[in-house]
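Chemist: Generate coordinates for the sequence data below:
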Amino acid sequence: MTQKKLSPTGMFLFTILSVFVPFACSQKAYISPDLTKLWETPAELKTPESVLYDYQRDVFYVSNVNGNPSEKDGNGFISRLKADGTIENLQWITGLNAPKGMGLVDSLLYVSDIDEIVEMDVNSGKILNKYPIPGSKFLNDITCDEGGRVFVSDMQDSKIYVLSDGKVSLWLSDPRLDGVNGLLVWEEDMYAGVKNAVLRISDDGRSVEEWIHETGGIDGLVTDGKGNFIFSDWTGHVYKATAHGKPVKLLDTTPVKMNAADIDFILDKNILLVPTFFDNRVVAYLVK
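Modeler: Here you go, the predicted model:
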C-alpha cells in the first residue's frame, strides 16, 4: 500500500490533534456529591481484597491476596491500619495464600482463604486455627452473627457454609446463590449478593427472596444502618439502594482502572472504605 505524505498544513493539524484530543477525551472517576474523599493509603498494599473496621480497637484490617486469587502460594497476608489510614503494620499476619473476606468475633479475626477459614487472634497477631472445607471451590466473603457463627460464601458452587463451635457445615445450597459473594448478617437475616441481585435469607435458611433487583455482580455488601444497602461490583462501581429500590451510583472508578472490592462501612462515622485491589490502596469516603 502506497503511503501519502502529509502537507505542512496537514502536519500542523495532526500535531494539534495529537496533543489536544487525548486530553479532551481523558476520563475521570465519578464520585457522587454524597461522597467526600477523606484519605487513601499509599499504594503499598498488595492486591487488597477486603477491608474490615474493628470498632473496639479503632483500627482496620486489610486482606492482601498478593498473587493469584486461586493459588496456594503462601504469599497472602493481613495488614493493620490506623484509623487515619496510616499503615501501621503492612505484613501484620502472614502465612496465608489468597485471603479475601473477613469477619470479627470479639478478638478473633476470621478470613476466607481459597478452601478454608483461618482464625487469628488480633491481640497477638497470630494464626490460631485453620478450618478446611472439603469440596469447596472458591471461598470468598465472610460475615458473623451475634452468636459468633461465621458464614462464608462459595462463589463458584452456589453455597454458604457456617463455622460454629469449631466445626464447619453446609448452611445453604441453592441455585439462586449463583455467583454468591458478598454476605451480610443484619437484624437476624442474612443478605447475599449474587450475580444480579441481593437476596434476603431467613436465619434458618429456609426462606430466600430477592430483596434488591438489577444490581449487577456484587463483591462487597454492607448497610449504612439507615435502611440502605451499599454494595460494590469489584470492577469499580459502588451503589446504594433501599429494599426493592433502584440502585443509585455512588462511585465509578472504572475509567481510571481502579477496582472496588470488598467494602466496609463504619456505622457511627458514616465512612465508606473501598479496597482498590490491583491499585493497591484503601480509600475512605465520608457519606452524607
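Chemist: which residues pair with the closest residue to residue 128 other than its chain neighbours across the strands?
Modeler: Among residues not flanking residue 128 along the chain, residue 119 sits closest, at 4.9 Å (Cβ to Cβ, 6 or more residues apart in numbering). Heads up, the C-betas are built off the backbone N, CA and C, glycines and all. Beta-bridge pairing for residue 119 (DSSP bridges): residue 110, residue 129.
Chemist: Pretty sure residue 119 sits against residue 144.
Modeler: No. Using Cβ atoms under 8 Å as the test, residue 119 is too far from residue 144 to be in contact (11.6 Å).
Chemist: so what sits against both of those two?
Modeler: Taking Cβ atoms under 8 Å, 6 or more residues apart in numbering as the contact rule, residue 119 and residue 144 both touch residue 110.
Chemist: Longest strand in this protein, by number of residues?
Modeler: Secondary structure of the chain per DSSP state E: the longest strand is strand 87-96.
Chemist: how about the helix or strand following that one as PDB, C-alpha atoms only?
Modeler: Next along the chain after strand 87-96, taking DSSP states H and E as the criterion, comes strand 102-105. This file holds the C-alpha atoms of strand 102-105, laid out as PDB (Å, rounded to 0.1, in the frame of the first residue of the first chain):
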ATOM      1  CA  MET A 102     -13.000 -11.100  56.800                       C
ATOM      2  CA  GLY A 103     -15.200 -11.200  59.900                       C
ATOM      3  CA  LEU A 104     -14.600 -10.400  63.600                       C
ATOM      4  CA  VAL A 105     -15.900 -12.100  66.700                       C
END
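Chemist: Quick check: which helices or strands does strand 102-105 pack against?
Modeler: With contacts taken as 3 or more Cβ pairs under 8 Å, 6 or more residues apart in numbering; DSSP states H and E, strand 102-105 sits against strand 48-54, strand 59-64, strand 108-112, strand 139-144, strand 150-154.
Chemist: With distance to residue 180 and mean pLDDT as added columns, please give the ones you listed in TSV.
Modeler: Shown next, in TSV, are these (distance: least, Cβ to Cβ, whole Å; pLDDT from 0 to 100):
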stretch	distance to residue 180	mean pLDDT
strand 48-54	15	98
strand 59-64	18	98
strand 108-112	12	98
strand 139-144	8	98
strand 150-154	5	98
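Chemist: Thank you kindly, that will do.
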